[in-house]
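# fold the following, please.
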Amino acid sequence: MSHAVTLAVIVRAGDRFLMVEEWQQGRVMFNQPAGHLEPGESLLDGARRELQEETGLALAIRQAVGIYQYQAPDNGKHFVRFTFSAEIPAPLATHPQDPDGDIIRCHWLTLAEIEALGEQLRSPLILASFRDYLAGARFPLSALKVVGGDDAKAAIV
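Coordinates of the predicted model:
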């Protein structure tokens with residue numbers, strides 16, 4: 001079984017959330033701005049990078065929503081997903097800069113519109129994290145630590 005650490009950002013503007021329309025496994029799917037942690041990258045830096053690549057937005061990420069474990073039923077791959085949040089007053093124009101070329105476009109959708117996507121949602125982690133976010137689940141970014149590395153000291157990400 002393989003493992004992956006992934007990062008996602010819930011971006012809220014009023015009653016709308018930023019979703020990414022993308023090609024995955026030959027299908028059009030929807031996801032939050034999200035992707036894999038790269039070697040040598042902190043969790044927060046990875047979340048900022050994925051947000052920038054998939055939407056073109058550089059937003060302040062101030063809180064974490066949850067840490068999720070999920071095993072994909074189709075291939076058994078195990079995911080550990082760190083979900084963060086960013087809030088802005090109104091939807092912004094997006095300009096995906098995805099180096100993989102998978103991103104089709106971005107959408108600002110209500111929760112009802114996201115729920116209506118059903119099987120087009122990339123994973124059940126999407127709705128789980130939205131529900132937690134809307135229920136007020138948060139923890140401070142200071143809970144995330146980077147230990148070791150070149151300078152061998154602990155640092156808050």
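# CA atoms for contacts and neighbours, from now on please.
OK.
# who does Arg10 bridge with?
No Arg there; residue 10 is Ile. Ile10 forms beta bridges with Ser85, as assigned by DSSP bridges.
# revised request: answer the last question for Trp23.
Beta-bridge pairing of Trp23, defined through DSSP bridges, involves Val28.
# walking through the protein, point out its strands one by one.
Across the chain, reading from the start of the chain, the strands by DSSP state E fall at 3-13, 16-24, 27-31, 34-36, 63-71, 78-88, 103-109, 139-140, 145-146, 155-156.
# may I see the buried residues of the third one?
Spelled out, that is strand 27-31. By neighbour count, with 16 or more other CA atoms under 10 Å as the criterion, the buried positions of strand 27-31 are Met29, Phe30, Asn31.
# how about TSV for the residues you listed, with pLDDT and distance to Leu127 added?
Formatted as TSV, the buried residues of strand 27-31 follow (pLDDT from 0 to 100; distance: CA to CA, whole Å):
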residue	pLDDT	distance to Leu127
Met29	97	14
Phe30	98	11
Asn31	97	10
